[in-house]
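**Student:** Sharing a model that was predicted from the sequence below.
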Amino acid sequence: MAHRQIRGRILYTSKKPEILDKKRGEEHFIFVHHENGRRTLTAHCEIYEPEPVVIRDVVHSFDAANRPLDAFVRLTVGGSFMGAGFFRMSGETIECESYGPAIGRVSQTFDTEGPYAWFGTHPLSADAFNTLNFDRSEGPAKRRMRSFLSSLDHRGASPPMISTHHIFLKYIGDEEITVAAGTFQTRHFQFVGESEDPEGHPPYDLWVTADDDSILVLAQVTGYMKTHYELIELERD
């Protein structure tokens with residue numbers, strides 16, 4: 001085959017004392033690495049806790065330089081359809097065509113007003129891949145990253161639309177990590193909100209494979225979320 005595939009599964013568990021280590025969801029992902037260097041991620045995500053249950057299906061494509069090309073996001077929340085949206089990135093423009101019962105039909109064209117780090121669609125596998133856009137040439141560092149998202153909700157559980165966002169991403173260093181899927185050489189990153197606002201996203205640590213595949217191996221979110229994510233299955237062609 002001219003293309004290559006990576007397939008995996010991530011287990012979501014809780015670190016809240018009352019439901020410690022209980023399963024709270026999972027994510028199945030497939031990366032297709034095309035012959036021309038482009039990549040397409042397909043991710044199916046299910047979040048059971050906290051209720052209502054969120055089911056998210058994402059198809060997200062990147063060019064050979066890891067920049068976003070297009071994305072499709074479809075959401076079901078509490079058993080009901082919440083919305084579906086298609087996003088296209090071209091030059092300094094992001095376009096969106098979205099529909100949801102609460103928003104009707106929405107068309108957006110957004111001028112990015114310059115470069116940005118990534119477009120976030122909320123799968124853990126996509127977050128891990130986006131860390132490839134962090135410049136590690138000077139070693140451990142913390143940088144303010146400008147990005148766009150399909151939802152500002154912490155679980156991505158709102159109708160897909162274009163949102164702009166700034167966050168700090170810190171590269172902490174390289175570590176060897178052992179999880180259910182095996183032992184991996186990883187890069188350790190941490191996402192931190194812009195402020196100490198209690199409504200902001202709590203610190204989010206993730207360890208990704210130390211290669212150009214940048215696969216999520218382990219992730220932890222502290223604060224009110226108290227969540228844990230672990231790679232439990234992995235196949236690479």
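**Tutor:** Looks like it arrived, so ask away. Numbers count the residues shown, from 1 in each chain.

**Student:** Would you mind listing the buried residues in stretch 72-79?
**Tutor:** Residues of stretch 72-79 classed as buried under the neighbour-count rule (16 or more other CB atoms under 10 Å) are 72-77. Where you see a C-beta, it was placed from the backbone N, CA and C, and this is true even at glycine.

**Student:** same check, this time on stretch 20-36
**Tutor:** Under 16+ other CB under 10 Å, the buried positions of stretch 20-36 are 24-33.

**Student:** Take the residues you listed and keep only those in strands.
**Tutor:** Applying DSSP state E to these, the entries found in strands are 24-33.

**Student:** Please convert these to TSV, extending it with distance to A210 and pLDDT.
**Tutor:** Shown next, in TSV, are these (distance: CB to CB, whole Å; pLDDT from 0 to 100):
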residue	distance to A210	pLDDT
R24	28	97
G25	26	97
E26	24	98
E27	21	98
H28	23	98
F29	19	98
I30	21	98
F31	16	98
V32	21	98
H33	17	96
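
**Student:** Make a markdown table from those and add distance to L152 to it.
**Tutor:** Below are these laid out as a markdown table (distance: CB to CB, whole Å):
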| residue | distance to L152 |
| --- | --- |
| R24 | 21 |
| G25 | 20 |
| E26 | 24 |
| E27 | 20 |
| H28 | 25 |
| F29 | 23 |
| I30 | 27 |
| F31 | 26 |
| V32 | 29 |
| H33 | 30 |
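
**Student:** biggest separation within those, which pair?
**Tutor:** Between any two of these, the greatest separation by CB to CB is 30.3 Å, found for R24 and H33.
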